[in-house]
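K.L.:
I need the structure of the sequence given here:
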Amino acid sequence: MKQLYVTLFPYIIGCCGGIVFNALNIPLPWILGPMIFLITLRSIRSKQPKYVQPLLFKNISLSILGISFGLSFNKDTFLTVAPYVVPFLIATIVLISFSIINGVMISKFVKIDRNTSIFASIPGGLTEMVTASESLNANTSLVTIFQTVRLLTVVFFVPFTILHMFEPQQGGTLIDTITNNASFFSFGWYILAGLTGYLFKSFLPASYVIGPLLTTAMLNIIGISLPSFPNIVLVFAQLTIGISFGLMITFKDLKIGGKYCGLYFLTTLLLIGASFGIGYLFTLFTDLDTGTAMLSFAPGGLVEMVLTASSIGANPAVVSSLQFIRLLFIISFLPSILKFGLKKITYERI
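P.N.:
Alright, predicted model coming up:
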C-alpha cells in the first residue's frame, strides 16, 4: 500500500498543479504546474516519504512526445534545415565559449574551483556534465545543484519570454499534429519507434525522445499513414515529465549552493539573452521566423523548446532538428574536449 501511495501521490499533486497553471494560462502548464507544486510540497513538509516515479512511465512519456514531434516532419523540413547546420554549429560553439568564460570568471571571484564552475555553467545535459566533471575532480554536488538552477531558469524563463513576445495560438500547449486517415492498427508503428529509443539508449543522447522522433519522422516522410495521439495522452506525457522535474530537487537543496546559486542564475540569464540575440541575427540572414530561430538557439531542453514552438505557431520540426544537433554536439564531443583541454592546462601549470 505504501508503494502505491508514494507512486500515485506525485501524480495527484501534479494534476492539481497542471489544472491550476492551465486555468491561469501559464505556458507549458502540464510541465511547469506539476514541477512547481511538487517542489513546493517537498520543501515545506518536514516529514514525508520518498516519492518515486516508475522509470517506465517516464520513458514511455518521453517516447510519446518524441513521436508527436516526429509527426510534424515532412520532406521540406530537411531541405529547410540543411543550409543552417554549419552556421548553427558555429553559433553553438560561440555560446558554449561564452558559458566557459562565464564559468572561469566566477571561479576567479568566489571560492569555487575553475573546473567545477565551468561544468556548472555549460548548457549541456545535467547527467552528462556531472559525469564528465567527476574525471577532473570537480565538486559534483555543486555541479548538480548549479546545473539544476540553470535547468529551472531556462524551463521557466524561455517559455514565459517567448510567449510574451509572440501571440500564442489557441490550444497551443500541446503539439499540433495532423490526423491522417490511419487505422487503429497504425499505432503499431509507434511500438517500433519506442523500441528504437530503447535499443539506442546506450549511445544516443536523450534516446527516448530522439529515437522515436527520428523513426516517426522517417515513417511520415516515406508516406506511411500515422495517427496522432489523443490530447489526454499528450497531457499525461507532459504531466509525467513535470513530475520528474519536481522530484529532482527541493528548495533545501538549492540552499546548499548558498549565495552562489544567484551567480549561476545570472549567467544563465546572460546566456539566454545571448542565444536570443544570435537567434535574431539568424533571422536577418535566413528565412527562419524569429520565434523558430530563438527557440532553436535557446539553451533549454528539447522537449520544452519544441512544445513552446508549437504554442506560438513556430516550426516545431526545425526547432527539434536544430536542438537535436546542439544536444548531440554538446553531449558527444564537449565533455571529451573539456577534459582534454582542462587536463592540459592543469599539466602545464604544474
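K.L.:
in the protein, which residue is closest to the centre?
P.N.:
With the centre of the chain defined as its mean C-alpha position, the nearest residue by Cα atoms, centre = their mean is G301, 1.3 Å away.
K.L.:
For the residue nearest to that residue when sequence neighbours are not counted, what is the enclosing helix or strand?
P.N.:
With Cβ to Cβ, 6 or more residues apart in numbering as the criterion, G301 has its nearest non-adjacent residue at 6.8 Å, and that residue is V155. (C-beta placed from N, C-alpha, C; glycine too.) Secondary structure from DSSP states H and E places V155 in helix 140-165.
K.L.:
D76 now?
P.N.:
With DSSP H and E as the criterion, D76 is inside helix 75-81.
K.L.:
mind checking which helix or strand of the protein has the lowest mean pLDDT?
P.N.:
helix 334-349 (a mean of 63; mean pLDDT, DSSP states H and E).
K.L.:
A237 contacts I64, doesn't it?
P.N.:
Yes: distance between A237 and I64: 4.1 Å, which falls inside the contact criterion (Cβ atoms under 8 Å).
K.L.:
more crowded one of those two?
P.N.:
In this comparison of A237 against I64, neighbours counted by other Cβ atoms under 10 Å, the higher total goes to A237 at 27 against 24.
K.L.:
Who are the contact partners of the more buried one?
P.N.:
For A237, the set of contacting residues under the criterion of Cβ atoms under 8 Å, 6 or more residues apart in numbering consists of 60-62, 64-65, 68.
K.L.:
what does M165 give?
P.N.:
With contacts defined as Cβ under 8 Å, 6+ apart, M165 is in contact with 290-291.
K.L.:
Distance of it relative to T308?
P.N.:
In this structure, M165 lies at 11 Å from T308, with Cβ to Cβ, to the nearest Å as the measure.
K.L.:
correct me, but L322 touches V81?
P.N.:
Yes: shown here, L322 and V81 form a contact pair, counting by Cβ under 8 Å, at 6.7 Å.
K.L.:
who's more crowded, these two?
P.N.:
Counted by other Cβ under 10 Å, L322 and V81 do not tie: L322 has more neighbours, with 27 against 21.
K.L.:
I243 is in what secondary structure piece?
P.N.:
The secondary structure element spanning I243 is helix 231-246 (assigned by DSSP H and E).
K.L.:
Name the residues of that helix that are buried.
P.N.:
Within helix 231-246, the residues scored as buried using 16 or more other Cβ atoms under 10 Å are 234-246.
K.L.:
Dump it to PDB, restricted to CA.
P.N.:
Coordinates of the C-alpha atoms in helix 231-246 are reproduced here as PDB (Å, rounded to 0.1, in the frame of the first residue of the first chain):
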ATOM      1  CA  ASN A 231      -4.800  15.100 -26.200                       C
ATOM      2  CA  ILE A 232      -5.200  13.200 -23.000                       C
ATOM      3  CA  VAL A 233      -2.200  11.000 -23.900                       C
ATOM      4  CA  LEU A 234      -0.100  14.100 -24.600                       C
ATOM      5  CA  VAL A 235      -1.200  15.700 -21.300                       C
ATOM      6  CA  PHE A 236      -0.200  12.500 -19.400                       C
ATOM      7  CA  ALA A 237       3.200  12.600 -21.100                       C
ATOM      8  CA  GLN A 238       3.800  16.200 -20.100                       C
ATOM      9  CA  LEU A 239       2.500  15.600 -16.600                       C
ATOM     10  CA  THR A 240       5.000  12.800 -16.100                       C
ATOM     11  CA  ILE A 241       7.900  14.900 -17.300                       C
ATOM     12  CA  GLY A 242       6.800  17.700 -15.000                       C
ATOM     13  CA  ILE A 243       6.700  15.300 -12.100                       C
ATOM     14  CA  SER A 244      10.200  14.000 -12.800                       C
ATOM     15  CA  PHE A 245      11.500  17.600 -12.600                       C
ATOM     16  CA  GLY A 246       9.500  18.100  -9.400                       C
END
